[in-house]
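>>> Sharing a model that was predicted from the sequence below.
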Amino acid sequence: MALIAVRAVNSDIAGRRAPFQFLRACRLQIDASQGGEPSGSMTRRRIIILLQRCGRAFFRSVFLCVLAGGAASAEPVPAAYFGMKLVQTSLEPTSDAERERIRMVEARLRERLSEAGAYSFVDTAPVATKMDLYDNLSHCNGCDAAFAEQLGAEVAISGEVQKTSNLILHISIYIREAGTARLVGGGSADIRSNTDESWRRGIDYIVKNRILKQ
């Protein structure tokens, strides 16, 4: 569904142009055939060939219109987004820079999914008090999916960044079906430096090469 939404603009443009291209192609072929011959001199076989060519162009135009219509009608999936969690497994204390980075990738994930038209996001404020009871909503035995169902969303999205050291970090995104907690999407990426740029690249990779291709 995500990929269809991303391609909707180009497909829609192609679909709107296709019928006009079909009509123009038929007219040009007939005009060209008549250009070097006296009026009414086209052979029966020539007419059949031209009609066959126009028929193929017609069916191509119909296909493009149907494809464009289906792509344009794809709607974003309503999602309850529960943010990102920094899981610190190194021996170093969490720095202010790391706290800022977790907020940065949390916002970036939401922005990228919104820009792609893949997901729309519901307000999670009604379950905020319940959310505070859990340290990590990515691993809460399905509480995220239950909250998403209460909020009227179709999926729950959450994530975490696990830091083993400044050279070994791992980003994971989980997309679970509301109510059932069945994993229906997401992805992960290893990053090899603890910088703003590496965190951004990690989250962008997951969105582009994992989530939007599912």
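Here it is on my side, so go on.
>>> Let me see the contact set for N194.
98, 163, 166-167, 169 (C-beta atoms under 8 Å, 6 or more residues apart in numbering). C-beta: built from backbone N, CA, C; applies to glycine.
>>> again but with A125, I slipped
No contacts exist for A125 under C-beta under 8 Å, 6+ apart.
>>> Look up how far A153 lies from it.
13 Å (C-beta to C-beta, to the nearest Å).
>>> can you check T195 too?
Going from T195 to A153 by C-beta to C-beta gives 33 Å.
>>> Of the two, which one has the most company?
A153 (24 against 14; other C-beta atoms under 10 Å).
>>> That one falls within a helix, correct?
No - under the criterion used here (DSSP: H, G, I helix; E, B strand; the rest coil), A153 is coil, not part of a helix.
>>> Leaving out chain neighbours, which residue sits closest to it?
Of all residues not flanking A153 in the chain, A80 sits nearest, at 4.0 Å (C-beta to C-beta, 6 or more residues apart in numbering).
>>> Assign the one you found to helix, strand or coil.
A80 ends up strand, using three-state DSSP.
>>> In terms of pLDDT, where does it sit?
Note on A80: pLDDT of 98.
>>> same deal with the one 10 residues further on?
As predicted, S90 sits at a pLDDT of 95.
>>> in the chain, which spans are helices?
Under the criterion DSSP state H, the chain contains helices at 2-6, 8-35, 44-72, 96-115, 128-131, 143-150, 196-209.
>>> Of all the residues in the fifth one, which ones are buried?
Meaning helix 128-131. Within helix 128-131, the residues scored as buried using 16 or more other C-beta atoms under 10 Å are M131.
>>> Just the mean pLDDT for it, thanks.
On average, helix 128-131 scores 97.
>>> What degree of burial does D144 show, as a neighbour count?
28.
>>> wait, doesn't it sit right on R176?
Yes - between D144 and R176 a contact is recorded at 6.2 Å, counting by C-beta atoms under 8 Å.
>>> Between those two, which contacts overlap?
A156.
>>> correct me, but A145 touches I157?
No - between A145 and I157 there is no contact under C-beta under 8 Å: 10.6 Å.
>>> In terms of neighbours, single out the busier of those two.
I157 (28 against 24).
>>> For that one, list the residues it contacts.
Per C-beta under 8 Å, 6+ apart, neighbours of I157: 79-82, 109, 113, 119, 173-175, 186.
>>> Check those residues for burial and list the buried ones.
79-82, 109, 113, 119, 173-175, 186.
>>> Turn the residues you listed into CSV, columns for distance to I211.
As requested, these are exported to CSV (distance: C-beta to C-beta, whole Å):
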residue, distance to I211
A79, 11
A80, 16
Y81, 12
F82, 16
L109, 9
L113, 7
Y119, 9
I173, 7
Y174, 11
I175, 7
G186, 7
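>>> out of those residues, who's nearest K208?
L113 (10.9 Å; C-beta to C-beta).
>>> Quickly note the distance from the closest one to S193.
From L113 to S193 the distance is 25 Å (C-beta to C-beta).
>>> No further questions, thank you.
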